[in-house]
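1. Fold the following for me, if possible:
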Amino acid sequence: MDQLDPAALASITRQFPRDATLRWSFRRGDFLIWFRCQDLFTSSNGNIRPLDMWEMRDGDYVTITNRGDDLPTWFELNGEEVTERFLRGSSRATAVEVMDGPNIWRAQTGDRLVWVGEARWDLTPVAGMLSILECDECALALGETTRETTMWDIFGSISQDGLSDADIARCHVAVKAMAALGYPRSISTEWLFG
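-> Residues are numbered from 1 along each chain as shown. I've put the predicted structure just below:
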């Protein structure tokens, strides 16, 4: 697809506001790609680049949230990564160290999360993308799974066979779509929860 229709992209784009939680459940062959505007001043598309990508399998899901009450019980925030407003209203900021791992993304204001996948009964893709989420506030994306895993089966890792040419093409269209959407409405230079 050479031209990406802005109206079609808008139909699958949603804003992720403050005090929100969203859960996406994936199928084998889906991808989730995290984008950030790297530099507002060097190019017309804001130098919007992918930061990371997860290849999904049946049973994988991601919780995207900026609500303390909706964090999984296994996840703790460090007191230095939360806003003053959050500290006043929650006791969830207890971790001594910042929790990090391959299944944790800290999306800043202005970041975009793009769900690439095939059509299903409730979702119709646009240029291979099922949804584009634009963060109006900082949020956590926490990947989890219901399937049996081994210590070598890291959440979101690329299949041992590598990506097919079709998968690469679908993900490449997502990169082009982020450039077509242009600058985010707002950005942040640091990540703070709440």
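
2. ok, then the element right after the lowest-mean-pLDDT helix or strand in the chain?
-> When the helices and strands of the chain are scored by mean pLDDT, DSSP states H and E, strand 93-95 comes last with a mean of 67. Counting by DSSP states H and E, the next helix or strand C-terminal to strand 93-95 is strand 104-107.

3. buried sites along that next one?
-> Within strand 104-107, the residues scored as buried using 16 or more other C-beta atoms under 10 Å are 105-107. Bear in mind the C-beta positions are built from the backbone N, C-alpha and C, glycine included.

4. list the helices and strands it packs on?
-> strand 139-145 (3 or more C-beta pairs under 8 Å, 6 or more residues apart in numbering; DSSP states H and E).

5. Grab the nearest non-local neighbour of the residue nearest in space to the middle of the chain.
-> The centre of the chain sits closest to Leu113, judged by C-alpha atoms, centre = their mean, with a distance of 3.5 Å. Residue nearest to Leu113 in three dimensions, not counting chain neighbours: Leu133, with 4.4 Å by C-beta to C-beta, 6 or more residues apart in numbering.

6. and that neighbour, how many residues sit next to it?
-> 23 (other C-beta atoms under 10 Å).

7. In terms of pLDDT, where does it sit?
-> pLDDT, Leu133: 97.

8. and it, what are its phi and psi?
-> phi -110, psi 120 (degrees, to the nearest 10).

9. show me the contacts for it.
-> Leu133 sits next to 13-14, 16, 22, 64, 112-115 when contact means C-beta atoms under 8 Å, 6 or more residues apart in numbering.

10. circling back to that earlier point, now do the contacts for the residue nearest to the centre of the chain.
-> Here Leu113 is in contact with 32-35, 64, 105, 107, 132-133, 135, 141 (C-beta under 8 Å, 6+ apart).

11. same thing with Arg147?
-> Taking C-beta under 8 Å, 6+ apart as the test, what Arg147 contacts is 57-60.

12. Repeat that for Asp19.
-> Neighbours of Asp19 in contact, by C-beta under 8 Å, 6+ apart: 66-67.

13. Is it part of a helix or strand, or is it coil?
-> Secondary structure for Asp19, judged by DSSP: H, G, I helix; E, B strand; the rest coil, is coil.

14. which residue of this structure sits farthest from its center?
-> Max distance from the centre of the chain (C-alpha atoms, centre = their mean): Arg88, 27.3 Å.

15. Quick check: the gap between that one and Arg106.
-> Separation of Arg88 from Arg106 (C-beta to C-beta, to the nearest Å): 21 Å.
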